[in-house]
Each structure stands twice: as C-alpha cells, then as structure tokens.
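Student: Test case, fold it:
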Amino acid sequence: MSRVKRILATILVVMVSVGLLATTAMAASYPKKPINVMQGFKPGGGSDALAQLTQPFLEKAIGTTFVNQYIPGATGAIAWTQLAKTTRNDGYTISITNTPMLMTNYIMNKEISYNINELTPIANVVTDPGIVVVSKDSPYKTAQEFFDAARKNPGKITVGNSGIGGDDFFTTLIVEKASGLKFQMIPFQGDGPSWQAAMGGKIDASFNNLGITFPQIKAGNLRPLVLFAEERNPNIPDVPTLKELGYDVVSGSSRGYSAPKGIPAEAQEALIKAFKAMGDNPDFHKTAEERALTLDLKYGPDYEAYLQKQEKMFGEIWNEVKDQYTH
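Tutor: I've put the predicted structure just below:
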C-alpha cells in the first residue's frame, strides 16, 4: 500500500471511530434524569392501573425512573392542557392519555383549547372494555335484574361514571340509546371514585372498565353484571356481554402515553423504543393478563392515526346527543 493510501485509510478509520463515538454519545444522552408522568385523574383509576402495569418494564427498558404526578379535574383536561400548553418539550415530562376523554373534552367544551395536534403520541398500551359493576350486597344479581329495575324506574337508577365526557359517560349514552332505558348519571373525578361509590352502596352501579375493577371483583367486593366487549373475558367467564343480551354495544377506554409537541427526536425515538421493548417482553403480557388488562399496542404514527380516528368518531356521536346536554 502506498503512503498516500495508508494516510487515507488512517483518516477513514479515525472518521468512522469519531462517528461511532458521536452516535454512542447521542444514544446515551437521553434520558439523564427521571421522567415525570402526569395523570389527569385521582389514584385508583385507569391511569394509575396502567402506570403500575407499565412502569417497572419501561424503567428497565429506558434506564431511568418514572415519577407519577396526579393532576385530577375536568376529566383530565387540566393535566392535558398543561401538557399541551405549558409543559417544557424536553422529553422529561409525558402524560398518560386516555381516550375518548382526551378529545371529547374539547369536542364538548369550546373553552378547552388544547387538541391532539399539540401532542407527540408515543404509544397506546391498553384498550380496556367497559363493564357494569355493583356492590357485593346489591339486590341486582344479574344484568337482566338490573335492566328490569331501570325499565320500571326510568331516570332513578343511579350509575356512576368517570366524569362527563369520559368513556363511561359515552357508554351510558350509547346503552340508553340501544336499550331505550334512562339512568340517572352521577359523574365522579375518575374511575376510582366511581367504583368506590358503587362498592360502598352510595350509587346503584358503576359504569367502569374491567381492568380497573378487576382487583375488587377478584376480591369479592364488586359484582360484575355485564361486559361491553365482543366476547366474554376469560377472567370473568360467567359474565355475559351486552351483545349476548341483544344490544349491539361494544365500548371501552384506551390508554397510552403522549408528550408535548416538538420533543427532541432522540427522546421520541428512545421512548418509542422502550415501549416496543416492553411490548416484546413475554413477562409484560403475562402480567397484563393476570390483571385483566387487554393489550392494544400501537406505536408512534399508528397511535397518532388512532387518536385522529377517535376524534372523528366521538365528534360525530357528540353531535347526535349534544342537544340533551347543552340546553
């Protein structure tokens, strides 16, 4: 090899080495500190259940801790307005984003100014089917008994939901429309207070989600009556779906994670990579199954497309029923 060729080869080796070092340094530069996770609801609800499921796996995958911050109120709108409008977009603050509340908040209320275009969708994790639960001491042993009571007492049977605009609120509207029944809806600040009120006998029933209420169902404190899913769930095999009872209603809540718009590409890639690693982990699937949480994994652009589809669908539903709630 000539002297010139040896010099060029040496330069090439140095350039490759420098490039590799730079890439390694970039890959290692995020995260450098704990990641704050905002939740728009009180502890004990769906967001909390998701955080408890995911974060041990995510922390291992990304190499830092997740710190939960509870900011309840306005069906998540306080937290998500903060996420979209004032949170620093450095990748160190993200939020659990729950559908349909994420978009129904601003679809239903013009004073809420954020929208999904101001967020960076990271990943959806769970789509949790809706369910009706009552206290273990409730007189209603079956869905049929519950619906018969509602039919005899229109507008008097009290049913809790996670707040006006939440999935349980919309599920109740959809069930009323499909069945011709009328319930007295009681809004709470999240799914947790709703099932707790049902368990304490303060309301007749809670329209809620399987993954949230399953620990209390398993403990015998709540009785499940009917599931709003395509098929029965193996964790509660004796509980019928509403479709089996003759009403074509499938409903629930999806929960994922989003960041503010414009976070660094490096942070976005690292977060999505961590969620994919979690999704590929068999132990994660086993843990989710044990907690009756139905996985529905969507990453990055796929999650963004899902949010846009949900925005369109619930905008159309709200346009059909809004006259009942705006006059």
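Student: who are the neighbours in contact with residue 147?
Tutor: 179, 181, 245 (CB atoms under 8 Å, 6 or more residues apart in numbering). Every C-beta, even on glycine, is put in place using the N, C-alpha and C of the backbone.
Student: Tell me the backbone dihedrals of it, please.
Tutor: phi -70, psi -30 (degrees, to the nearest 10).
Student: I'd like the distance between residue 81 and residue 73.
Tutor: Distance, residue 81 to residue 73, by CB to CB, to the nearest Å: 10 Å.
Student: same thing with residue 230?
Tutor: 33 Å.
Student: Secondary structure class of the residue most central in space within the chain, three-state.
Tutor: Taking CA atoms, centre = their mean, the centroid of the chain lies closest to residue 255, which sits 1.6 Å from it. Counting by DSSP: H, G, I helix; E, B strand; the rest coil, the backbone at residue 255 sits in strand.
Student: same thing with residue 274?
Tutor: helix.
Student: what residues are up against the residue nearest to the centre of the chain?
Tutor: 46-47, 50, 96-99, 124-128.
Student: residue ranges for the helices of the stretch 51-200 of the chain, please.
Tutor: 77-85, 101-108, 143-152, 167-179, 191-199 (DSSP state H, counting those that start in this stretch).
Student: coming back round to it: what about residue 81 and residue 73, which has more around it?
Tutor: Relative neighbour count places residue 81 above the other of residue 81 and residue 73, with 20 against 14, counting by other CB atoms under 10 Å.
Student: returning to what we had before: rank the helices of the stretch 51-200 of the chain by pLDDT, which is bottom?
Tutor: Lowest mean pLDDT within these: helix 167-179, at a mean of 90.
Student: contacts for it?
Tutor: Residues contacting helix 167-179 (CB under 8 Å, 6+ apart): 98-101, 104, 130, 147, 159-163, 181-183, 185, 187, 191, 194, 206-209, 228, 242, 247-249, 251-253, 314, 317, 321.
Student: And these, which of them are buried?
Tutor: In the contacts of helix 167-179, burial by neighbour count holds for 98-101, 104, 130, 147, 159-163, 181, 183, 185, 187, 191, 194, 206-209, 228, 242, 247, 249, 251-253, 314, 317, counting by 16 or more other CB atoms under 10 Å.
Student: Can you tell me which of those residues end up in strands?
Tutor: 98-99, 130, 159-161, 185, 187, 206-209, 228, 252-253 (DSSP state E).
Student: Out of these, which two sit at the greatest distance?
Tutor: Spatially, the most separated pair among those is 99 and 159, at 20.8 Å (CB to CB).
Student: How confident was the prediction at the nearest residue to residue 50 once chain neighbours are set aside?
Tutor: The shortest distance from residue 50 to any non-neighbouring residue, by CB to CB, 6 or more residues apart in numbering, is to residue 255 (4.7 Å). Listed pLDDT for residue 255 reads 94.
Student: Same check on residue 311?
Tutor: On the pLDDT scale, residue 311 gets 93.
Student: what does residue 43 give?
Tutor: Per the predicted model, pLDDT is 87 at residue 43.
Student: where does it fall, phi/psi-wise?
Tutor: Residue torsions, per degrees, to the nearest 10, at residue 43 are phi -60, psi 150.
Student: surely it meets residue 191?
Tutor: No: at 10.8 Å, residue 43 and residue 191 do not qualify as touching, with contact defined as CB atoms under 8 Å.
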